[in-house]
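>>> here is a sequence with its predicted model. Questions after.
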Amino acid sequence: MAKDPVCGMDIESSKAAGTSVYKGKTIYFCNPRCKERFDAEPEKFMAAPAGSHAEMSSAVPGAHETAKDPICGMVVDKQRSLKKEIAGRVYYFCSDGCLRTFEAPEEELKSMKRRVSIALAGVLVLAILRAGFFLGLAAGATIITWAPIPQLPWFTWGVWLFILVTPVQFIGGWGFYKGAYNAIKSRMINMDFLIALGTTVAYVYSVVVIFAPDILPVKVEERNVYFEVSAVIIAFVLLGKYMEEIIKKKSSAAVRKLLDLKPQTARVIREGQEMEIPAEFVQIDDVVVVRPGEKIPADGVVVEGSSAVDEKMITGESIPVEKKPGDEVVGATMNKAGMLKFKAKRVGAETTLSQIIKMVEEAQASTAPIFRG
């Protein structure tokens, strides 16, 4: 697998759209235009990180960077998707539900359970009423009225449906409306938008049939409403999403636990002075100071001092490992005894911990292959 230095896309060498040779090294491209831009200014692209945002947006007109939702695995457009920055890394999400699940899986699960209960309760009552209606017809009743008080002739079957379905539509389906709003705001259509649109059209049409039938071009009987359809769609999609949330909670919790291993700050020596900065701002070749009891903020090589470092989060070994000048240290491991100074060699998404998180996310988002004997 090779990386296009212009747009940053990973491509197979055998499927590259073009190649160039730079200082004896073969460079692969995903698109002829990327090759043309590289051939015109090779030093510019080899000096800058591959696929920087400025180059990505200008390499191929209309091209956009994509990312994978860490919760559901959907590939989303970075420019139009929802995003959240945690520990210096930006995560992209296809919907508001995935974002909330990633941020607070417990809270989202409770909220989803509440909405599912309301939706299923409404659908269950509708099913009982519908069953009673047909049982009445089977028993020989020719006219069934649901008006419990003679003075309320408007209290008909359609009004009953309206009363029962409205909480399902707007309380049970609130998550779909919220997701649809975010989709419209980011100019990206998702499942929330489609469900909200379809059920709202069915609900509004049914309300018009019940309360304002005269505005319709043709006469529609009250029994030809779609309240039940709207409620059933919301209830069963919510039930499926709730079952999915239970699985998402476990997967997102695993990623969050790994993210929590990262230290929030780091002490670096710049221009002869020691300063404290956010851990994500550590740069390659920075000299980092780690005192006893602190976590190591990046991968690097010890240049001064000696200490014992707890590396069980990487190796599983509970006994601390002695470190001296020339030894490698891994980010997010714990410095136990002495003070260390090390030179950062891998930072940000290149650290060992970030690579582990990436592999966990990819494993959770992937599906098992189908075996056919």
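It's in. Numbering: from 1, shown residues only.

>>> could you check how many residues crowd around the residue nearest to Ile171 when sequence neighbours are not counted?
Using CB to CB, 6 or more residues apart in numbering and skipping residues adjacent in sequence, the residue nearest Ile171 is Ile118, 5.1 Å away. Every C-beta, even on glycine, is put in place using the N, C-alpha and C of the backbone. The number of residues packed near Ile118 is 20, by other CB atoms under 10 Å.

>>> wait, what's in contact with Ile118?
Going by CB atoms under 8 Å, 6 or more residues apart in numbering, Ile118 touches Pro167, Val168, Ile171, Gly172.

>>> try 6 Å
Taking CB atoms under 6 Å, 6 or more residues apart in numbering as the contact definition, Ile118 lies against Pro167, Ile171, Gly172.

>>> compare those residues and tell me which is most surrounded.
Neighbour counts for the contacts of Ile118 (other CB under 10 Å) peak at Gly172, which has 26 neighbours.

>>> wait, that residue touches Ala119, no?
Yes. Taking contacts as CB atoms under 6 Å, Gly172 lies within contact range of Ala119: 3.3 Å.

>>> that older thread, which helix or strand contains the residue nearest to Ile171?
Using DSSP states H and E, the element containing Ile118 is helix 105-138.

>>> next SSE after that helix?
Following helix 105-138 in sequence, per DSSP H and E, is helix 157-167.

>>> where does pLDDT dip in the stretch 151-300 of the chain?
151-155, 222, 248-256 (pLDDT under 70).

>>> ok, which stretches of the chain are helices?
32-40, 42-47, 53-59, 96-103, 105-138, 157-167, 174-185, 191-211, 227-260, 312-315, 352-365 (DSSP state H).

>>> in CSV, list the ones you listed along with distance to Lys345.
Output for the helices of the chain, formatted as CSV (distance: least, CB to CB, whole Å):
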stretch, distance to Lys345
helix 32-40, 27
helix 42-47, 19
helix 53-59, 24
helix 96-103, 30
helix 105-138, 34
helix 157-167, 58
helix 174-185, 39
helix 191-211, 43
helix 227-260, 21
helix 312-315, 16
helix 352-365, 11
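
>>> quick one, which of the ones you listed is packed in tightest?
By mean neighbour count, with neighbours taken as mean count of other CB atoms under 10 Å, helix 96-103 ranks first of the helices of the chain at a mean of 23.

>>> against which helices or strands is it packed?
In terms of contacts (3 or more CB pairs under 6 Å, 6 or more residues apart in numbering; DSSP states H and E), helix 96-103 is packed against helix 174-185, helix 227-260.

>>> got the buried residues for stretch 215-227?
Val225, Tyr226, Phe227 (16 or more other CB atoms under 10 Å).

>>> between the residues you listed, which is nearest Ile11?
Each of those was checked against Ile11 using CB to CB; the closest is Tyr226, at 48.6 Å.

>>> excluding chain neighbours, give the residue nearest to the closest one in space.
Spatial nearest neighbour of Tyr226, excluding adjacent residues (CB to CB, 6+ apart): Ala202 at 3.9 Å.

>>> so who does that neighbour touch?
Applying CB under 6 Å, 6+ apart, we find Ala202 in contact with Tyr226, Val229, Ser230.

>>> any idea how far the most centrally placed residue in the chain lies from Met112?
Closest to where the C-alpha atoms of the chain average out (CA atoms, centre = their mean) is Phe93, at 3.2 Å. Computed as CB to CB, to the nearest Å, the Phe93 to Met112 distance reads 16 Å.

>>> over to Glu322?
Separation of Glu322 from Met112 (CB to CB): 49 Å.

>>> now the angle between helix 157-167 and the helix holding Ile118, please.
170 degrees (axes from the mean of the first three to the mean of the last three CA atoms, to 10 degrees).

>>> how big is the angle separating helix 105-138 from helix 174-185?
120 degrees.

>>> helix 105-138: how far from the chain's middle?
On the basis of CA atoms, centre = their mean, to the nearest Å, helix 105-138 sits 29 Å off its chain's mean C-alpha point.

>>> same deal with stretch 167-181?
Using CA atoms, centre = their mean, the offset of stretch 167-181 from its chain centre is 19 Å.

>>> quick one: contacts of it?
95-96, 115, 118-119, 122, 192-193, 195-196, 203, 231, 234, 238.

>>> so how far is the first residue of it from its last?
19 Å (CA to CA, to the nearest Å).

>>> swap in stretch 262-282?
By CA to CA, the extent of stretch 262-282 from end to end equals 13 Å.

>>> what's in contact with that stretch?
Stretch 262-282 is touched from outside by Ala87, Gly88, Asp286, Val287, Val288, Val289, Lys295, Pro297, Ala298, Ala332, Ala344, Val347, with contacts defined as CB under 6 Å, 6+ apart.
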